[in-house]
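1. Fold the following, please.
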Amino acid sequence: MAQKKNKRRYKRELIKQFEVTFDLARLDYQKKIRPVQGKAILFGVLAAFLIYSAGFAIGYYGWQQQVVGYAMFAKLVWLLMIPASVVGVITWLLVKNRLEYPIRCEIRHYINSLEGERGLLWRYLPLLNELGPDNLNCKEMMVRSRDGNVADIAPEDYGGSVRELIDMLEKSGSKAVSPETIAELEKNFVEHS
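-> Predicted coordinates for the structure are as follows:
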């Protein structure tokens, strides 16, 4: 009975270690870009509106001066939606990428400081093998962590992998982590620190 309590205690300590080691708020890419996405959409809609309004004003002026007929003006009003939409989408994508870039750089810098030269995430591989052996995204992040190839890693993938590991650990319920996994985790942290 005491050994079972120790296993569960180790599981709780492991969850605390995750929360202390990884700043989940800094790794939450989706939460950080949410305000940026709204601003980018607003810029896209504004650009589309301006293009459409300019084309409409020119067409209306031509119709008032009787240079453009009524049927041509009606077609022009509908056809202006295509270039306005294209300009709006392009503006949205450009602004979105421009605003997300500093956020991505900040998260990458944090990931590089976490991983260092020897890596950090790969040390939890025994835990992943026990709780989620079919999670390929986490495995790929761990392989890249072990190889020291985190410079070009996608911040949303790394943060998602850490979050998935914590979720797997929390959702495993009363199932305790096996002694073999505990031994491998300790070995990874002791030998490679």
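2. Kindly provide the distance from the residue nearest the centre of the chain to residue 149.
-> Closest to where the C-alpha atoms of the chain average out (Cα atoms, centre = their mean) is residue 156, at 2.7 Å. Note on residue 156: its distance to residue 149, by Cβ to Cβ, to the nearest Å, is 17 Å. All C-beta atoms are positioned from the backbone trio N, CA, C, and that covers glycine.
3. In the protein, where is pLDDT below threshold?
-> 1-8, 173-176, 192-193 (pLDDT under 70).
4. again, only using 90
-> The chain contains residues with pLDDT under 90 at 1-28, 66-70, 72-74, 76-77, 111-193.
5. Now do the contacts for the residue sitting furthest away from the middle of it.
-> Distance to the chain centre peaks in the chain at residue 66, reaching 54.1 Å (criterion: Cα atoms, centre = their mean). Shown in contact with residue 66 (Cβ atoms under 8 Å, 6 or more residues apart in numbering): no residues.
6. Pop out the phi and psi values for it.
-> phi 60, psi 30 (degrees, to the nearest 10).
7. go on, residue 28?
-> Here is the backbone geometry of residue 28 (degrees, to the nearest 10): phi -80, psi 90.
8. Quick check: the residue nearest to the centre of the chain touching residue 29?
-> Yes - using Cβ atoms under 8 Å, residue 156 makes contact with residue 29 at a distance of 4.1 Å.
9. hang on, the earlier thing: from residue 76, how far off is the residue farthest from the centre of the chain?
-> Distance, residue 66 to residue 76, by Cβ to Cβ: 15 Å.
10. Likewise for residue 165?
-> Relative to residue 76, residue 165 is positioned 57 Å away (Cβ to Cβ).
11. Which one's more surrounded, those two?
-> Taking neighbours as other Cβ atoms under 10 Å, residue 165 and residue 76 compare with residue 165 leading, 24 against 17.
12. Which element, helix or strand, includes the more buried one?
-> Element membership for residue 165, per DSSP states H and E: helix 155-171.
13. what residues does the helix or strand containing residue 144 touch?
-> Per DSSP H and E: residue 144 is located in helix 136-147. Here helix 136-147 makes contact (Cβ under 8 Å, 6+ apart) with 115, 119-122, 124-125, 128, 132, 150, 153, 157-158, 160-161, 164-165.
14. Show me which residues of that helix are buried.
-> Under the neighbour-count criterion of 16 or more other Cβ atoms under 10 Å, helix 136-147 has 138-139, 141-142, 144-146 buried.
15. Show me the helices in the protein, by range?
-> 2-21, 24-27, 29-64, 70-79, 81-115, 125-131, 136-147, 155-171, 179-191 (DSSP state H).
16. Residue 157 versus residue 136, what's the distance?
-> Using Cβ to Cβ, we find residue 136 at a distance of 11 Å from residue 157.
17. Please read the previous query as pertaining to residue 127.
-> Separation of residue 127 from residue 157 (Cβ to Cβ): 18 Å.
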